[in-house]
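**Student:** pasting the structure only:
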């Protein structure tokens with residue numbers, strides 16, 4: 001048996017050598033048939049792309065987290081890969097094919113005894129990966145929303161873990177997090193060890209803060225058989241759609257996790273690629289689709305955990321690489337450690353309330369704000385419908401002051417918003433509440449949790465001339481594509497019954513012009529004004 005310098009990898013020498021010869025020979029065979037072959041290598045797989053097919057061969061190795069050391073195990077995990085990834089990308093995962101012959105003369109699907117197995121997939125261009133689209137500046141915001149919806153729908157369709165399952169427990173979450181630090185400690189340079197040690201201490205303290213929430217989420221069915229490796233290199237645009245692939249098949253422990261941890265992985269990866277705005281856009285779209293605002297209580301733990309997972313992988317790669325690759329991998333590892341530190345320290349609890357009649361553009365503005373502040377947004381229109389079992393874009397046919405807009409339904413909606421806002425602010429984040437908040441009692445209902453927690457309270461008052469409001473609301477109602485069901489009749493009622501900000505509310509208010517287009521120089525200044533108000537606003 002051969003062991004790497006890091007002590008993290010064992011391979012059967014003859015099997016690994018035979019496999020390398022097999023991959024090279026198979027590439028030559030495919031090249032004769034298809035004219036061109038692309039070969040890719042990850043730390044656990046060889047991939048050969050030829051024609052419209054990709055063949056993924058699992059390396060004959062054993063790592064602390066994966067064991068492909070025998071042919072029988074590789075065959076079993078090929079089957080698992082097919083089963084699990086067909087949940088998200090059935091159009092990509094075709095079958096498992098046996099490789100027969102000899103390492104020097106292999107045959108795909110030939111007669112005789114199998115010497116290796118491959119997962120046969122439909123090939124797609126590597127520049128279609130979301131990581132590549134983002135690097136080229138071609139990943140549109142709408143694709144982030146689509147990505148979040150795909151993940152939310154996937155999570156919603158998964159059965160929860162059995163209460164008797166050993167996976168997804170708080171104790172396991174802590175053990176997995178601490179294992180990262182144990183792996184990194186002997187590999188990090190002296191100047192990094194203090195930073196890593198402080199993050200380890202932070203992880204233990206943060207776990208103590210959210211252990212009860214983790215346990216409650218598991219009881220509530222939030223631990224499910226997820227993808228397990230949800231970063232942008234495992235997502236691509238295929239046939240014009242965001243498609244998630246290459247989930248973890250080799251470890252039930254790594255995929256039976258809290259869905260919040262899965263969403264955190266994607267958000268962390270976006271942040272690591274320099275797009276904090278997209279990270280928060282993704283999280284907010286996922287939260288709005290799932291309604292799982294309780295996940296924010298455990299979000300920071302999972303964000304830091306995922307950053308440290310990537311740091312560990314880079315440190316291990318540095319220990320196994322040559323000098324040039326070692327330096328690059330080590331620099332990347334240190335970047336992930338720095339990211340983990342910033343995620344752990346990014347605490348800005350506050351409650352920010354949007355205020356203004358329908359048609360002022362509050363939702364558009366709040367989308368910009370949630371990406372800039374950043375913040376977790378809760379939309380009154382969406383939560384009102386969720387409480388009554390409706391989809392966000394459903395037309396309920398409810399008249400003014402009746403059905404889901406009756407006084408008791410409105411009160412329940414605002415109670416729900418206040419509860420979510422308290423969870424978000426208690427976790428150290430800014431809750432951004434998007435609604436009209438035209439009545440004083442509605443604003444006071446949000447002010448109460450801010451007072452209990454002693455965090456800043458900000459009112460963002462959006463102003464637009466009434467004539468423009470009427471045009472906007474009429475146009476939106478005719479399109480019927482928004483969660484808001486406001487009509488011109490509803491708007492007129494709002495204008496007649498709204499209660500202006502009182503003297504004690506004005507010190508907490510920032511007034512925004514809802515007519516400014518996003519490319520106007522004053523638009524960015526308006527957003528900056530809200531951020532400044534949050535920073536300096538005294539607790540109410």
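**Tutor:** Perfect, thanks for sending it. None of these values were measured; they are calculated from a predicted model.
**Student:** elements contacting the helix or strand that contains residue 299?
**Tutor:** Residue 299 belongs to helix 296-320 when elements are defined using DSSP states H and E. Judged by 3 or more Cβ pairs under 8 Å, 6 or more residues apart in numbering; DSSP states H and E, helix 296-320 is in contact with helix 170-184, helix 190-219, helix 259-272, helix 323-345, helix 407-426. (Glycine included, C-beta is placed from N, CA and C.)
**Student:** the inter-axis angle of it versus helix 259-272?
**Tutor:** Between helix 296-320 and helix 259-272, the angle formed by their directions is 60 degrees, by axes from the mean of the first three to the mean of the last three Cα atoms, to 10 degrees.
**Student:** tell me the mean pLDDT for helix 296-320?
**Tutor:** Throughout helix 296-320, pLDDT has a mean value of 94.
**Student:** Now find how far off-centre that helix is within its chain.
**Tutor:** Put simply, helix 296-320 sits 14 Å off its chain's centre (Cα atoms, centre = their mean, to the nearest Å).
**Student:** angle of it against helix 170-184?
**Tutor:** Angle of helix 296-320 versus helix 170-184, following the same axes, to 10 degrees, is 30 degrees.
**Student:** residues of the longest strand anywhere in the chain that come out buried?
**Tutor:** Among the elements of the chain assigned as strand by DSSP state E, the one spanning the most residues is strand 93-102. If you call a residue buried by 16 or more other Cβ atoms under 10 Å, then strand 93-102 has these buried ones: 93-94, 96-101.
**Student:** Using CSV, lay out those residues together with pLDDT and distance to residue 293.
**Tutor:** Below are the buried residues of strand 93-102 laid out as CSV (pLDDT from 0 to 100; distance: Cβ to Cβ, whole Å):
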residue, pLDDT, distance to residue 293
93, 98, 34
94, 98, 39
96, 98, 41
97, 98, 45
98, 97, 48
99, 97, 49
100, 97, 54
101, 95, 56
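**Student:** Let me know the closest of these to residue 392.
**Tutor:** Nearest to residue 392, judged by Cβ to Cβ, of the buried residues of strand 93-102 is residue 93 at 31.3 Å.
**Student:** Run through the bridge partners of the closest one.
**Tutor:** Taking DSSP bridges, one finds residue 121 as the beta-bridge partners of residue 93.
**Student:** That one contacts residue 121, doesn't it?
**Tutor:** Yes - in terms of Cβ atoms under 8 Å, residue 93 counts as a neighbour of residue 121; the distance is 5.8 Å.
**Student:** who touches both of the two?
**Tutor:** With contacts defined as Cβ atoms under 8 Å, 6 or more residues apart in numbering, the residues adjacent to both residue 93 and residue 121 are residue 245.
**Student:** Using a markdown table, lay out the helices and strands packed on helix 296-320 together with distance to residue 35 and mean neighbour count.
**Tutor:** Rendered in a markdown table, the data for the helices and strands packed on helix 296-320 read as follows (distance: least, Cβ to Cβ, whole Å; neighbours: other Cβ atoms under 10 Å):
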| stretch | distance to residue 35 | mean neighbour count |
| --- | --- | --- |
| helix 170-184 | 43 | 18 |
| helix 190-219 | 47 | 16 |
| helix 259-272 | 35 | 26 |
| helix 323-345 | 31 | 17 |
| helix 407-426 | 55 | 19 |
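**Student:** closest to residue 468 out of the ones you listed?
**Tutor:** Comparison of the helices and strands packed on helix 296-320 against residue 468 by Cβ to Cβ identifies helix 407-426 as nearest, at 26.0 Å.
**Student:** tell me the average confidence for that closest one?
**Tutor:** For helix 407-426, the mean per-residue pLDDT is 96.
**Student:** Stretch 229-240 too?
**Tutor:** 97.
**Student:** before we move on, what about stretch 501-514?
**Tutor:** For stretch 501-514, the mean pLDDT works out to 96.
**Student:** Only the buried residues of that stretch, if you could.
**Tutor:** Neighbour-count burial for stretch 501-514 flags 501, 505, 508-512, 514 (criterion: 16+ other Cβ under 10 Å).
**Student:** now, among these, which is nearest to residue 213?
**Tutor:** Set against residue 213, the nearest of the buried residues of stretch 501-514 by Cβ to Cβ is residue 508 (29.3 Å).
**Student:** quick check, residue 131 in a strand?
**Tutor:** No - counting by DSSP: H, G, I helix; E, B strand; the rest coil, residue 131 is not found in a strand; it is helix.
**Student:** My guess is it contacts residue 266. True?
**Tutor:** No - the pair residue 131 and residue 266 does not pass the contact test of Cβ under 8 Å, sitting 11.5 Å apart.
**Student:** anything in contact with each of those two?
**Tutor:** Shared between the contact lists of residue 131 and residue 266 (criterion: Cβ under 8 Å, 6+ apart) are residues 231-232.
**Student:** mind checking the end-to-end distance for stretch 493-504?
**Tutor:** End-to-end distance of stretch 493-504 (Cα to Cα, to the nearest Å): 25 Å.
**Student:** which residues are contacting it?
**Tutor:** Under the contact criterion Cβ under 8 Å, 6+ apart, stretch 493-504 has outside partners 355, 357-358, 400, 436, 438-440, 459, 461, 466, 469, 486, 509.
**Student:** same question, stretch 323-331
**Tutor:** Contacts of stretch 323-331 (Cβ under 8 Å, 6+ apart): 189, 314-315, 317-319, 321.
**Student:** And for stretch 160-170?
**Tutor:** Residues lying outside stretch 160-170 but in contact with it, judged by Cβ under 8 Å, 6+ apart, are 172, 207, 211, 214-215, 218-219, 221-225, 252-253, 256-258.
**Student:** Please apply the same query to stretch 88-98.
**Tutor:** Surrounding stretch 88-98, the residues in contact under the criterion Cβ under 8 Å, 6+ apart are 53, 55, 75, 78-79, 81-82, 85-86, 108-110, 114, 116-122, 124, 150, 154, 227, 238-239, 243-245, 247.
**Student:** re earlier: so among the contacts of stretch 493-504, which ones count as buried?
**Tutor:** Buried subset of these (neighbour count, 16+ other Cβ under 10 Å): 355, 357-358, 436, 438, 459, 461, 469, 486, 509.
**Student:** Inside strands: which ones of those?
**Tutor:** When strands are assigned by DSSP E, the members of the buried ones among the contacts of stretch 493-504 inside them are 355, 459, 461, 509.
**Student:** what does the model give the third one for pLDDT?
**Tutor:** This means residue 461. Value for residue 461, per-residue pLDDT: 97.
**Student:** quick one, what contacts it?
**Tutor:** Residues in contact with residue 461, defined by Cβ under 8 Å, 6+ apart, are 355-356, 501, 509-512.
**Student:** quick check, nearest of those to residue 143?
**Tutor:** residue 512 (27.7 Å).
**Student:** Work out for me the element that closest one sits within.
**Tutor:** strand 509-513.
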